[in-house]
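>>> Need a 3D model of the following:
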Amino acid sequence: MVQSRCGIKCDECKYKEEIGCKGCLLVENPFWGECGVKRCCEARKHEHCGQCMDFPCKLLNSYAFAEQEGDNGKRIEHCREWCAAAV
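Purely as a prediction, here's the structure:
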């Protein structure tokens, strides 16, 4: 049920409908431009950030708690859920 590298649930994202976003798992370059979280996760060969030994790192926290696009850490919890479901 993994939907993104950082833990965003694409099914709940307004951009999925508004612009037809397919999510970072299915595109090379996200519509919003370069994504440090996506790049880092893929470089470490993780499906999502929750699989990383550094989870949750400063970079992920900066996204999860960003003033405009943050979600108060929901994406971090989603990564934890995805890890638990994989066991």
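
>>> all contacts plus neighbour counts: C-alpha atoms, from now on.
Fine.

>>> quick one, strands of the protein?
Shown for the chain, no strands are assigned by DSSP state E.

>>> For the longest helix seen in the chain, which outside residues touch it?
The residue-count maximum for a helix in the chain (DSSP state H) belongs to helix 74-86. By C-alpha atoms under 8 Å, 6 or more residues apart in numbering, the residues outside helix 74-86 that reach it are 1-2, 6-9, 48-51, 56, 60, 64.

>>> Narrow these to those that are buried.
2, 6-9, 48-51, 56, 60, 64 (16 or more other C-alpha atoms under 10 Å).

>>> Lowest-confidence entry in those residues?
Scanning the buried ones among the contacts of helix 74-86 for pLDDT, the low point is Val2. It has 89.

>>> Ignoring the adjacent residues along the chain, who's closest to it?
Trp82 (6.3 Å; C-alpha to C-alpha, 6 or more residues apart in numbering).

>>> Hmm, Gly73 is touching Asn61, no?
Yes - using C-alpha atoms under 8 Å, Gly73 is in contact with Asn61, at 7.4 Å.

>>> Okay, buried residues for the longest helix of the chain please.
Across helix 74-86, burial judged by 16+ other C-alpha under 10 Å covers 75-76, 78-80, 82.

>>> Give me the subset of the buried ones among the contacts of helix 74-86 lying in helices.
Reading helices off the buried ones among the contacts of helix 74-86 with DSSP H, I get 60, 64.

>>> how about the buried ones among the contacts of helix 74-86 in a markdown table, adding distance to Leu25?
Output for the buried ones among the contacts of helix 74-86, formatted as a markdown table (distance: C-alpha to C-alpha, whole Å):
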| residue | distance to Leu25 |
| --- | --- |
| Val2 | 9 |
| Cys6 | 10 |
| Gly7 | 11 |
| Ile8 | 11 |
| Lys9 | 12 |
| His48 | 9 |
| Cys49 | 12 |
| Gly50 | 15 |
| Gln51 | 15 |
| Pro56 | 19 |
| Leu60 | 16 |
| Ala64 | 18 |
